[in-house]
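just coords:
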């Protein structure tokens, strides 16, 4: 560190030191560096970006859309609907003569969207719920967390199916259903973390100078939960995608002409013995890649942000 | 211990009640009942049918009747779709099937998963360890509805070894694929959790002491390491059980094994409310009971937990 020889007063020294000291590494910079070093996580990260770009813009590569039925292919799918670049059906066609490529693009988009929307709801609701329970503690905490316990031990897949039956099968209903059940785990994690944060000095100081409790939660507790919440939100996304695909596989989720990877896998599995293996392979590949990418990014984030938890 | 059981039951019973009321309210608010069809029935006929099934009574009376019927006589009422079958008949027919392959799946997932995890930890960084770690990573992305069609492609369409579906009175050939499809991803999770718990335990002081006094590795693992390492595994068994219960729906639909999962999905499409409710309550009860058992096992395995 080279000090300027003209410096005379103490203030100037301090200023000069501030300018020339090594830039301190924040927690986040550290985490970023750890994440970049993790090869599996970086690979999954780029794969994930590629998948998202594919799901958003992949449709422009094809001349076909997801719902136009090619009547000349119905019944002749096994030999005329084969994947090929000449016909422009990159992934072949499905049993109704629709372009499978366009359908896989949309299926991937819906699946990723379900996962991300569900995770966002989980983050917002779960964090606030858990932070509130953890911060106030006592009887309120007991009641709130027991409620979560009770809700968690209900097999919600069945309740969600009942909801889809009662209110009609639609994407919106699926979103609401998944949002309703996605935040339980997150609230527990947020509560646990809040318990350890709330006795730190900065919270005590805020409390002492009379900051409103809700403001303490929002301004001081929640930002400090960010790391662990991001990790678990990323790991939640693939679980929600699996959840949605499960329901769509049963035919209770996303409805025609829209589709999701689960619905496509189900269709492919049903047509397996008709000699159209591409109907199963392509959706399956994209499903596995999507889940794989999210899991590894989440794993990498956990290693980067929460190194002690291994 | 008795105290713990009582405390857990006081949570379990309200949970069940919430489940019943929740599904009942959902059904009750449904637009269009089970008897709405394309061609509307004459008003008088509809009224008669609803009177027969007690649907004309006020809401609170319906729910009280239903709950007392279930609690006092295990009577889930008649099916709205099949006039000659009650919900009890449907459950009695399908549930043993689900229970049979569910039991085997759970058992195999536990035994194979724990064994794999323990050996992977004992031989850390050996080929066995890498195999186990690779397996747990691979199986994460293969949930039951992905496994099922893949198994059928390999074992039925290519190799022709196993029948692609059916139950056949529980013959082992019909059971192999459902059990593999249902258990794989949970087996992988159990193996992963066991491995990391075992690694942690093996590095602790009391294990070094046990080794220092000259016990064989086998004895150290069985007598000292296994019990504490099982704690995180136990707490995962609850969610795994729920996952397998829900997964059985896929198995029943895909392999036509004839379990209650198929009935559940069919009744969801047919709006057969009483059947959906009956199955939901049955499986909910099972889940809650199982969680109770896990809690008790947990208290037994970890002496620090005293409720």
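Received it, and whenever you're ready, just let me know what you need. Given the structure is predicted, the values throughout are model-derived calculations rather than measurements. Residues are numbered from 1 along each chain as shown, chains lettered A, B, ... in the order given.

can you list the residues of the stretch 51-200 of chain A near chain B?
On the criterion Cβ under 8 Å from any Cβ of the partner chain, chain B has as its neighbours in the stretch 51-200 of chain A the residues A:146, A:149-151, A:153-155, A:157-159, A:161-167. Quick note: C-beta positions are derived from backbone N, CA and C, even for glycine.

Drop anything exposed from those residues.
Neighbour-count burial (16 or more other Cβ atoms under 10 Å in any protein chain shown) is assigned, among these, to A:150-151, A:153-155, A:157-159, A:161-167.

Out of those residues, flag the one nearest to residue A:126.
Relative to residue A:126, the closest of those is residue A:151; by Cβ to Cβ it sits at 12.1 Å.

worst-scoring helix or strand of chain A, pLDDT-wise?
For chain A, using mean pLDDT, DSSP states H and E, the weakest element among its helices and strands is helix A:10-20, scoring a mean of 58.

Which of the residues of the stretch 51-200 of chain A next to chain B fall in helices?
Among these, the members falling in helices are A:146, A:149-151, A:157-159, A:161-167 (criterion: DSSP state H).

looking at this, residue A:259 is in a helix?
No. The assignment for residue A:259 (DSSP: H, G, I helix; E, B strand; the rest coil) gives coil, which keeps it out of a helix.

Distance of it relative to residue A:101?
Using Cβ to Cβ, to the nearest Å, we find residue A:259 at a distance of 12 Å from residue A:101.

neighbour-wise, which of these two wins?
Legend: neighbour count by other Cβ atoms under 10 Å in any protein chain shown for residue A:259 and residue A:101, higher for residue A:259 (28 against 23).

So for that one, what's the pLDDT?
Residue A:259 carries a pLDDT score of 85 in this model.

Poorly predicted segments of the stretch 51-200 of chain A, please.
Per-residue confidence of the stretch 51-200 of chain A (counting by pLDDT under 70) places the weak regions at A:71-82, A:85.

and what of chain B?
Along chain B, segments meeting pLDDT under 70 span B:30-39, B:303-307.

Swap in 90 and give it another go.
The model of chain B has pLDDT under 90 over residues B:1-103, B:119-178, B:180-182, B:185, B:189, B:192-193, B:195-307.

Scan it for its longest helix.
For chain B, the helix with the greatest residue count under DSSP H is helix B:87-122.

Output the contacting helices and strands for it.
In this structure, helix B:87-122 packs against helix B:127-140, helix B:172-202, helix B:226-255, helix B:260-270, helix B:273-301, with contacts taken as 3 or more Cβ pairs under 8 Å, 6 or more residues apart in numbering or on different chains; DSSP states H and E.

I'd like to know how far the residue nearest to residue A:278 when sequence neighbours are not counted sits from chain B.
Distances taken as Cβ to Cβ, 6 or more residues apart in numbering or on different chains put residue A:92 closest to residue A:278, at 4.3 Å, once the chain neighbours are dropped. For residue A:92, the distance to chain B (Cβ to the nearest Cβ, to the nearest Å) stands at 16 Å.

where does residue A:92 sit relative to residue A:232, distance-wise?
Noted for residue A:92: a distance of 38 Å to residue A:232, by Cβ to Cβ.

again, but for residue B:60
Between residue B:60 and residue A:232 the computed distance is 41 Å (Cβ to Cβ).

These two: which is more packed in?
With other Cβ under 10 Å as the criterion, residue B:60 and residue A:232 differ in neighbour count, and residue A:232 comes out ahead with 23 against 8.

what's the closest non-adjacent residue to that one?
Counting by Cβ to Cβ, 6+ apart, residue A:189 is the residue found nearest to residue A:232 once chain neighbours are left out, at 5.6 Å.

So for the host helix or strand of the one you found, what gets flagged as buried?
Element membership for residue A:189 (DSSP states H and E) is helix A:184-197. Within helix A:184-197, the residues that count as buried by 16+ other Cβ under 10 Å are A:184, A:185, A:186, A:187, A:188, A:189, A:190, A:191, A:193, A:194, A:197.

Other residues contacting it?
When contacts are taken as Cβ atoms under 8 Å, 6 or more residues apart in numbering or on different chains, the neighbours of helix A:184-197 outside the stretch itself are A:122-123, A:125-127, A:129-131, A:133-135, A:137, A:141, A:145, A:148, A:151-152, A:203, A:221, A:224-225, A:228-229, A:232-233, A:236.

hmm, 7 Å instead?
The set of residues external to helix A:184-197 that reach it, using Cβ atoms under 7 Å, 6 or more residues apart in numbering or on different chains, is A:122-123, A:126-127, A:129-131, A:133-135, A:145, A:148, A:151-152, A:203, A:221, A:224-225, A:228-229, A:232.

and if you look at stretch A:42-55?
Here stretch A:42-55 makes contact (Cβ under 7 Å, 6+ apart) with A:36, A:105, A:108-109, A:112, A:289-290, A:292-294, A:296-297, A:300.

What count of nearby residues applies to residue B:123?
Residues contacting residue B:123 under the criterion other Cβ under 10 Å number 13.

Next, find the distance separating it from residue B:16.
With the distance defined as Cβ to Cβ, residue B:123 ends up 45 Å from residue B:16.

same question, residue A:34
From residue A:34 over to residue B:16 the distance is 46 Å, taken as Cβ to Cβ.

How about the contacts made by the nearest residue to residue A:240 once chain neighbours are set aside?
Distances taken as Cβ to Cβ, 6+ apart place residue A:118 nearest to residue A:240, at 4.1 Å, with adjacent residues excluded. The neighbours of residue A:118, taking Cβ under 7 Å, 6+ apart as the test, are A:178, A:179, A:182, A:240.

residues in contact with the residue most central in space within chain A?
Residue closest to the average C-alpha location in chain A (Cα atoms, centre = their mean): residue A:237, at 3.0 Å. With Cβ under 7 Å, 6+ apart as the criterion, the residues that contact residue A:237 are A:115, A:116, A:119, A:294.

where's it, which helix or strand?
Residue A:237 belongs to helix A:222-249, assigned by DSSP H and E.

For that helix, which residues meet the burial criterion?
Judged by neighbour count using 16+ other Cβ under 10 Å, the buried positions of helix A:222-249 are A:222, A:224-225, A:227-249.

what do you get for stretch B:9-20?
Under 16+ other Cβ under 10 Å, the buried positions of stretch B:9-20 are B:11, B:12, B:15, B:16, B:18, B:19, B:20.

Can you narrow the residues you listed down to the ones near chain A?
Restricting those to those adjacent to chain A (criterion: Cβ under 7 Å from any Cβ of the partner chain) gives B:11, B:15, B:18, B:19.

In helices, which of those appear?
Using DSSP H, the members of these that fall in helices are B:11, B:15, B:18, B:19.

of the residues you listed, closest to residue B:275?
The shortest gap between residue B:275 and any of these belongs to residue B:19, at 15.8 Å (Cβ to Cβ).

Can you give me the end-to-end span of stretch A:197-215?
End-to-end distance of stretch A:197-215: 15 Å, with Cα to Cα, to the nearest Å as the criterion.

got the residues of chain B near chain A?
With Cβ under 7 Å from any Cβ as the criterion, chain B meets chain A at residues B:11, B:14-15, B:18-19, B:22-23, B:26-27, B:29-30, B:140-141, B:143, B:145-146, B:149, B:152-153, B:157, B:242, B:245-246, B:249-250, B:253, B:265, B:268, B:271, B:276, B:280, B:283-284, B:287-288, B:291.
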